[in-house]
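Q: Build me a model from this:
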Amino acid sequence: MAAIAAGLFVIGCSSENGGGDTGSAPTITDLSLSPGEVEAGKATALSGTVGIDDSDGDVAQIGVEVTLPNGTKQSLPKAPAQAAGGVKEGQLALAMAFGPPSAGAYELTVFVVDSKGHESNRLTTTINAK
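A: The predicted structure is shown next:
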């Protein structure tokens, strides 16, 4: 099994701040990552954004699961969602290094986790390796 070389970094967040804690799971929308095509066997910087809506304002981590062209799934270590504390609604800026081992379509599924362990919905985008 080939391994995916990737690292995930959350750069920042723009938001509407607020307090409160209802204990609900965050929701994500509008995932965007680019470039949509990368070179196989070479690490490429991907960047993008994902919208967050969290009535608790306690998004703590972001996770990515990669589905390889053969259907095998690999979960990347969750990264801290820097600058997301207290954010109820806004955009998270994402950056990651992605190094697919071979050509094919790779699905990247993104989600966030709040400080109480509530996981958001998942959004998926495809990155093609040539």
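Q: And the pLDDT for the residue nearest the centre of the chain?
A: The C-alpha lying nearest the average C-alpha coordinate of the chain belongs to Val110 (CA atoms, centre = their mean; 3.8 Å). Val110 carries a pLDDT value of 96.
Q: repeat for Ile11
A: Reading off the model, Ile11 has pLDDT 43.
Q: Tell me, please, where in the chain the pLDDT is lower than the cut-off.
A: By pLDDT under 70, the low-scoring segments of the chain are 1-22, 83.
Q: Can you show me the strands along it?
A: 5-17, 27-34, 37-38, 44-53, 59-67, 73-75, 79-80, 87-99, 104-114, 123-129 (DSSP state E).
Q: What helices and strands are in contact with the second one?
A: Right, strand 27-34. Strand 27-34 sits against strand 44-53, strand 104-114, strand 123-129, with contacts defined as 3 or more CB pairs under 8 Å, 6 or more residues apart in numbering; DSSP states H and E. C-beta here means a position set from N, CA and C on the backbone, and glycine is covered the same way.
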